[in-house]
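Chemist: predicted model and sequence follow; I will ask about them next.
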Amino acid sequence: MNKILLSVFLVGILIITPNALAAVNTQYFGKTPSIIVSLTKQEPDPVEPGKQLEVSFKLDNNGTTANNVVFEILPEYPFSLLPEESPSKFIGTLGTYQEGKQSVIVKYKLKVAQDSSDDNHEIKVRYKSDNLESWVTLDNFRIKVQTHDSILAVEKFFTVPVVTAPGDKTKLRIELKNYATSILKDIKVSLNLDKSGDETRPFAPIGSTNEKVISYIEPQTSLPIDFELLVDSDAASKAYKIPLSVKYSDILNKNYSKTNLITIIVGDAPDLGVTLERTDVYTSGSTGSVVLRLVNKGAPDIKFLNVKVLQNENVKVIGADEVYIGKLDSDDFSTAEFKLFVKGKENVKIPVQVTYKDTNNNNYKSDKEVELRLYNSSEAKSFGVKKNNNFTLVVITAIIVGAGYYYYRKKKKK
């Protein structure tokens, strides 16, 4: 009896087992191939525009065996295959998990266009097999393209006017250029006008703050940014260095920050006056000392000041014709003395040439005329600038008296 029951049990198992295995196979593998494609690697990651890269795709079969599998890449701008690469690759049989041949890696070498933008660019692939009626196209793969640094540079800057006087306004224009191949966004440009140590920055923004915000700038384009500034009325005349901060992001949300220096020149044209200080020359045809007064009436200091008398038919220089003064501060004066022979009637103009630099090292050269009043003899005597020549009369009288006395003594001895 037991033997009969055991025999019936074994027969039942033999009948049930194939059906159970068939059910498991259908449930796990499916009735057709099920190929899953994934982009497993790009090297380098990211890749720069104009560079080459290698991409690896993995094909996994979670269905039944696939025969005569062909895999193909469909590169579009900004990607292209290297000349030695073929877009189609014959894989053959892609087995099941049980067969241990359900996966394969396919690699391609691509080149990125030089003018490619920074982005996660799409690339398409497709595959087919004898088990499929047509190609299966996949387009959900992305390759990351990014320049090493997205450069937003200060192309140039200038002020209008070039040199701004204390108390005046100036317009500062900064031109930014996007050297990247994609847009740059969230751009913040700011001027640091705070005092740095002993260095003051005598500027105040007008009409807006010291910061400008720009939403984006297109690739390979320039963008002007303007600031209007007021110069302090007591600002010293010189070149001021202003830190310029630029912050921005690329389309992949990588943040950048840099600080540059710009220069704003403050200054005013010097105002140098030349007048007559004093003189020993009052009549035509006489020689004497003439002292010139040089006055700095302007706001900026003057340096390397040199004064030269230019000779003409009425003015001749005896001795040195130029005097070096050097530095002359604002609201100060100095003198230069010359020995001159002067002739002419009434007013004689002494030609003077002055050369100097301002605090910003700009060169100046100007010719001026200093008026010297001449008098005739009677006018000079009446004004007390020329006295009678009593000394000559005394000398002549003394000579006559002496000669008479000498003659008298000599005659007496005889």
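Modeler: Nice, thanks for sending it over. Residues are numbered from 1 along each chain as shown.
Chemist: now residue 240: how far from residue 232?
Modeler: Distance of residue 240 to residue 232, computed by CB to CB, to the nearest Å: 11 Å. Where you see a C-beta, it was placed from the backbone N, CA and C, and this is true even at glycine.
Chemist: those two: which is more packed in?
Modeler: residue 240 (18 against 14; other CB atoms under 10 Å).
Chemist: isn't that one right up against residue 263?
Modeler: Yes - counting by CB atoms under 8 Å, residue 263 is a contact partner of residue 240 at 6.8 Å.
Chemist: need the overlap of contacts for residue 240 and residue 232.
Modeler: Residues touching both residue 240 and residue 232 (CB atoms under 8 Å, 6 or more residues apart in numbering): 202-203.
Chemist: and residue 340, how many neighbours?
Modeler: Look at residue 340: counted by other CB under 10 Å, it has 24 neighbours.
Chemist: give me the beta-bridge partners of it?
Modeler: Residues in a beta bridge with residue 340, per DSSP bridges, are residue 288, residue 317.
Chemist: in CSV, list the C-alpha atoms belonging to stretch 323-343.
Modeler: Extracted in CSV, the C-alpha atoms of stretch 323-343 (Å, rounded to 0.1, in the frame of the first residue of the first chain):
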residue,chain,number,x,y,z
VAL,A,323,65.5,128.6,-12.8
TYR,A,324,64.3,125.2,-11.5
ILE,A,325,61.7,125.5,-8.7
GLY,A,326,60.4,121.9,-8.4
LYS,A,327,57.3,121.3,-6.4
LEU,A,328,54.8,124.1,-5.8
ASP,A,329,51.8,123.2,-3.6
SER,A,330,48.3,124.5,-4.2
ASP,A,331,47.7,128.0,-2.9
ASP,A,332,51.5,128.6,-2.6
PHE,A,333,54.1,130.7,-4.4
SER,A,334,57.8,130.8,-5.2
THR,A,335,60.2,133.2,-6.9
ALA,A,336,62.8,133.1,-9.6
GLU,A,337,65.5,135.8,-10.0
PHE,A,338,67.1,136.7,-13.3
LYS,A,339,69.7,139.4,-14.3
LEU,A,340,68.4,141.2,-17.4
PHE,A,341,69.4,144.0,-19.7
VAL,A,342,66.2,145.8,-20.8
LYS,A,343,65.5,148.5,-23.4
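Chemist: all strands in the stretch 101-250 of the chain, in order from the N-terminus.
Modeler: 103-112, 119-128, 136-145, 152-160, 163-164, 169-178, 184-191, 203-205, 211-217, 222-231, 238-250 (DSSP state E, counting those that start in this stretch).
Chemist: which residues touch residue 80?
Modeler: 110-111, 113.
Chemist: give me the buried subset of those.
Modeler: In these, burial by neighbour count holds for 110-111, counting by 16 or more other CB atoms under 10 Å.
Chemist: now the contacts of residue 80 in TSV, with distance to residue 190 and pLDDT?
Modeler: Listed next are these as TSV, based on distance: CB to CB, whole Å; pLDDT from 0 to 100:
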residue	distance to residue 190	pLDDT
110	41	97
111	40	96
113	35	94
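Chemist: if we can go back for a sec, out of the strands of the stretch 101-250 of the chain, which one sits most buried?
Modeler: Mean neighbour count, computed with mean count of other CB atoms under 10 Å, is highest for strand 163-164 among the strands of the stretch 101-250 of the chain, reaching a mean of 21.
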